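Participant: kindly generate the corresponding structure for this input.
(one chain, ligands or ions: 3)
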Amino acid sequence: MKITDIQSPDQIKSMSTKQLQELADDIRMFLIGSISRTGGHLSSNLGVVELTIALHYVFHSPNDKFLFDVGHQSYTHKILTGRAGAFSTLRKHNGLSGFQKRSESVHDAWEAGHSSTSLSAALGMAIARDLQHENFEIIPIIGDGALSGGMALEALNDIGVSHKKMIIIFNDNNMSISKNHGAIEKRLTNLRSSSLYRHMKQDVKTNLNQTKTGVNLLHSLTHLRDSLKDSLVDAPLFKEFNLDYLGPVDGHNIPALIKVLETAKEHEGPIVVHVITQKGKGYKLAEQDRTGKWHGVGPFDPATGRLLVKLPPQEISWSQVISNTLIDLAAKNPKIVAITPAMAQGSKLLEFASRYKDRFFDCGIAEQHAVTMAAGMAVGGLHPFVSIYSSFLQRAYDQINHDVARMNVPVVFGIDRAGLVGDDGETHQGIYDIAFLRSIPNLVLSQPKDAKEAQNLLYSAFAYNGPFCIRYPRGNVHYAPNERYEAIEIGTWTCHIVGIPEQIVITYGPDVDRLIQKARENAMGVMVINARFFKPIDTKMLDTVFKENLPVTVFETDCEIGSLSSAILEAMNKKDHQIDIIGIQDHFVPQGSIRVLRQEEGIDIDTVFERLERKNA
Ligand SMILES: Cc1ncc(C[n+]2csc(CCOP(=O)(O)OP(=O)(O)O)c2C)c(N)n1
Ligand SMILES: CC(=O)[C@@H](O)[C@H](O)COP(=O)(O)O
Ligand SMILES: [Mg+2]
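Facilitator: Residues are numbered from 1 along each chain as shown. Ligands and ions are numbered 1, 2, ... in the order given. From the prediction side, this is the model:
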């Protein structure tokens, strides 16, 4: 069967074991080919092909509900539910989402993008089901990385006494994006390498090889199930949560998976099925990867693994600029330590980790813990740098407020992926942090316009004795290491005059230079203000600017509500001056390239410029 001919999971229900395995092989080839053209979450998806086939074989979606935690590993689910034909649009504007999306298919029972939500959601859905006397299965699928998230552990604690029927698939590939971290991880290592698991795997293999009739298979699987029951003593992790447990089972063995899932289906109350999978299965480079390089990739040549999009010379990612500077500053200041909640690869902190082994802390997917731990380190006399993507920082709002800002302790936040992130869509757009951080007392909140300013801001942040946030976008920037650092006075903006100004634009980040360049090219007279601090803002400069009596535009590339324009309007409350505001309106921004999204939102330089030109007309 052609992969694109699959319209419904019902089509696989009558397949033999052999046909299911062939289907798995075909899907894997399809995924590698398709993702090599569009980019996407390769490794996690290659790891769950057989598991997803077995889930759709045993359960009946959309009546039964699959909740893929994070959702980045739901590609096979999309294929089996009739969406293979749309894979060329994966993560593109108006195209197939890289995550489960309820508007996309009735088979997508839940939406995510951030990790560790599936178990709470599953319990909520189970309560709703039972109160309304409905009858269906609820199947959250959660990875070993996501399980380390606080929400997942809070949910397990509740589920364990709920008696609500659900089948928790624990997809254990011994990897988060890169290496997984923590005590749970250690416990799992013992379990995975237990002689019992190896024995079971061999046992099933032997029996499968001996017969195609299924008689010995059944015997083997019954034996497997009995062994699993015995193994409970060796798997106390879930027992401690008062949860029944089946496993571990080989996640690439379809008959074994089917049998275990059927056993779990008969079980009353909640049960965990522990499935061992291999991240990147079927693509050698991804199988061998421990750094996370193949977790999410851009387009690549499948034959060589070479990435097809090359950086322009002298450009590096904003994350890399910050990381290089951090490494340099840390060489001179032993109090500097770095923390990441499971994003060492994306935040470009792997080099820091190898240079300063005892000063680097990957705490797993645990943003809240990361921030409060940083506060503890700061109270203890260190000067921590916490690197968190803007959208994941939403998780740690209380910790920033309660533990860092309230005690006014020196923690530097590197808010990565600030602004539009593009292909990951709504769940990952980093456009809210200015608004949600600005109201917190004691915080300094800044964004550099270029790499030079980024280096100077980081230098200034470590010279400051309080919480200091520096946000920077996804993408690249022209870079040369600063010959020497210059301290930037907190709360100061800079003013850039092009021609004879007829109007004033207040903006920030890389758009400062983009706008200056555009104005020069078009001989427009404009005063461009680089609002490099959102808190505190430069009220002195605002006073001067408003005295010019020229039209003012605030051009922001984040959500309009509560961000820079709000800060300015608050400050100018008592003055009589009209301000034109350009920013992202009050709605969620879907996926798409940043270029397309900026056009849609009317915040691309051309549209902004046309708007400014109209003001001069
Ligand atoms: C709250 C939050 N923090 C960080 C991330 C980034 N992230 C996406 S997938 C992932 C690793 C998940 O590991 P696991 O659950 O084991 O899934 P796998 O990719 O191994 O299948 C991380 C850290 C996220 N999506 N949400
Ligand atoms: C699914 C998830 O949350 C991450 O894998 C995320 O997609 C990474 O984004 P970057 O590609 O910007 O590092
Ligand atoms: Mg994992």
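
Participant: any idea which helix or strand in the protein has the lowest mean pLDDT?
Facilitator: helix 215-230 (a mean of 46; mean pLDDT, DSSP states H and E).

Participant: so how far is stretch 239-257 from its chain's centroid?
Facilitator: Chain-centre distance of stretch 239-257: 27 Å, with CA atoms, centre = their mean, to the nearest Å.

Participant: what mean pLDDT does that stretch get?
Facilitator: Mean per-residue pLDDT for stretch 239-257: 95.

Participant: that stretch and ligand 1, are they touching?
Facilitator: No. Legend: contact between stretch 239-257 and ligand 1 by CB under 6 Å from any ligand atom is lacking; minimum distance shown is 10.8 Å. Glycine gets a C-beta too; all of them are placed from N, C-alpha and C.

Participant: and that stretch, what's buried?
Facilitator: Neighbour-count burial for stretch 239-257, counted by 16 or more other CB atoms under 10 Å, picks out 241, 243-257.

Participant: check stretch 112-120 too.
Facilitator: Applying 16+ other CB under 10 Å to stretch 112-120 flags 112-120 as buried.

Participant: OK, contacts around the residue in the stretch 201-350 of the chain positioned nearest to ligand 1?
Facilitator: Closest contact between the stretch 201-350 of the chain and ligand 1, by CB to the nearest ligand atom, is at residue 342 (3.9 Å). Going by CB atoms under 8 Å, 6 or more residues apart in numbering, residue 342 touches 145, 148, 176-178, 181, 362-366.

Participant: picking that back up, check which element follows the least confident helix or strand of the chain along the chain.
Facilitator: Following helix 215-230 in sequence order, the next helix or strand is helix 236-239 (DSSP states H and E).

Participant: just the buried residues of that following helix, please?
Facilitator: Within helix 236-239, the residues scored as buried using 16+ other CB under 10 Å are 237-238.

Participant: strand partners of the next helix or strand after that helix, parallel vs antiparallel please.
Facilitator: Per DSSP H and E, helix 236-239 leads on to strand 244-250 as the next helix or strand towards the C-terminus. With DSSP bridges as the test, strand 244-250 is paired with strand 270-276 (parallel).

Participant: so, in contact with ligand 1 or not, the partner strand?
Facilitator: No. Taking CB under 6 Å from any ligand atom as the criterion, strand 270-276 and ligand 1 are apart, separated by no less than 11.1 Å.

Participant: near ligand 3 at all, that strand?
Facilitator: No. No part of strand 270-276 sits near ligand 3 under the criterion CB under 5 Å from the ion; the closest distance found is 10.5 Å.

Participant: quick one, phi/psi of the residue of the stretch 201-350 of the chain closest to ligand 1?
Facilitator: When read as degrees, to the nearest 10, the backbone of residue 342 gives phi 70, psi 20.

Participant: list the residues that contact the most centrally placed residue in the chain.
Facilitator: What sits nearest the mean C-alpha location of the chain, by CA atoms, centre = their mean, is residue 114, with 5.8 Å. Applying CB under 8 Å, 6+ apart, we find residue 114 in contact with 70, 391-392, 394-395, 427.

Participant: cool, and residue 412?
Facilitator: Counting by CB under 8 Å, 6+ apart, residue 412 touches 383-386, 458, 461-462, 467-470.

Participant: what's the pLDDT at the residue of the chain found nearest ligand 3?
Facilitator: Using CB to the ion, residue 143 is the residue of the chain that sits closest to ligand 3, at 3.7 Å. Looking at residue 143, its pLDDT reads 98.

Participant: near it, how many other residues are there?
Facilitator: Neighbour count for residue 143, taken as other CB atoms under 10 Å: 30.
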